[in-house]
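J.: I need the structure of the sequence given here:
(chains A and B)
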Amino acid sequence: MPIASLSVPGTTAGVSRAAAAFDEFCRGEGVPADARWRFQVALDEILSNIVRHGFDGRDGSIALTFAHTGRSVSVEVVDGAPAFDPRQAPAPDTTSPLDLRRPGGLGIKFAQDLLDELAYERRGDENHLKLTWHVRPDAAGATSRTTDGDQ
Amino acid sequence: MEISETREQGAVIVSPAGRIDSTTSDRLEAHLSKLVAGGDRKVIVDFARVEYISSAGLRVMLALAKKMKDARGAVALCAMGEPVRQVFDLAGFLPLFAVDGSREAAIKRVAGV
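T.: The predicted structure follows:
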């Protein structure tokens, strides 16, 4: 099973580096294009949340593990920020009219709705989050490896 | 993300290319704010070359819509690919915007305002 691991600083630059590394993993391992954008959105939300609210200006790093089994794609995110279970976050406002609409909380909803599984565990002083998406049979042919031209 | 800009029939068309996420959305926000501050009141954002958008990008779109409403201007979004459309949909943002399939339709819409 192809796996890639890396650690990035808990900063905006680190979030950007994680996105580039995930793209590279997807290209190299033929991850379906559908999985790729779903994870890129979810990772941007999860990682920028950790940087902004978890570390909140303090030094820290985020460890990432990408895996692709052919049937599923998963990303594990480990950070040493204070405990935060994204599954417990309040639901965002998705119905108010324009004047009253506040965009907060959408990110975690995206991660939950765009992917199939979001598992959380607090282990010692670390947050462990695992995001999983099951490859759809109809998406099997549309791999990133064959659509490199869409960069 | 790169941003290009053209003008047609009194509307300014902003075309970001690439990803609109937490690391790039500030640039788009600065670009759009400058247009509104400069007096543009017909703004189209063309998503044809956008790979995906995250909530950081949606904040920028929401801010644009609010500013333009206050300024009695018109905003239209067009040419969303599936990843972009799906994120707007999940956020419940589609009813907040005029969304057109093509750039031509968006121009027609805002030119008539």
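
J.: for residue 81, what are its contacts?
T.: All of this is about chain A. The contact partners of A:Ala81, taken as CB atoms under 8 Å, 6 or more residues apart in numbering or on different chains, are A:10, A:50, A:53-55, A:60, A:127. From N, CA and C alone the C-beta is placed, and that goes for glycine too.

J.: You answered for a different chain; I wanted chain B.
T.: Under the criterion of CB under 8 Å, 6+ apart, the contact list for B:Gly81 reads B:47-48, B:50-51.

J.: And it, how close does it get to A:Val51?
T.: According to CB to CB, to the nearest Å, B:Gly81 and A:Val51 sit 27 Å apart.

J.: now, which of the contacts of B:Gly81 sits nearest chain A?
T.: The shortest gap between chain A and any of the contacts of B:Gly81 belongs to B:Glu51, at 6.5 Å (CB to the nearest CB).

J.: what's around the closest one, how many residues?
T.: 23 (other CB atoms under 10 Å in any protein chain shown).

J.: Without its sequence neighbours, what residue ends up closest to it?
T.: Excluding its sequence neighbours, the residue lying closest to B:Glu51 (CB to CB, 6 or more residues apart in numbering or on different chains) is B:Arg19, at 5.0 Å.

J.: Any buried residues in the longest helix anywhere in chain B, and which?
T.: With secondary structure taken from DSSP state H, chain B has its longest helix at helix B:55-70. Of the residues in helix B:55-70, those buried by neighbour count under the rule 16 or more other CB atoms under 10 Å in any protein chain shown are B:55-62, B:64-65, B:67-68.

J.: sorry, back to before: in which helix or strand does the residue nearest to B:Glu51 reside?
T.: Under DSSP states H and E, the secondary-structure element containing B:Arg19 is strand B:11-20.

J.: Adjacent strands (with direction) for that strand?
T.: Neighbouring strands of strand B:11-20 in its sheet, by DSSP bridges, are strand B:2-8 (antiparallel), strand B:42-46 (parallel), strand B:50-53 (parallel).

J.: A:Leu64: which of the ones you listed is closest?
T.: Taking CB to CB as the criterion, strand B:50-53 is the member of these that comes nearest to A:Leu64, at 18.3 Å.

J.: quick check: mean pLDDT across that closest one?
T.: Predicted confidence along strand B:50-53 averages 98 (mean pLDDT).

J.: same thing with stretch B:11-27?
T.: Stretch B:11-27 comes out with an average pLDDT of 97.
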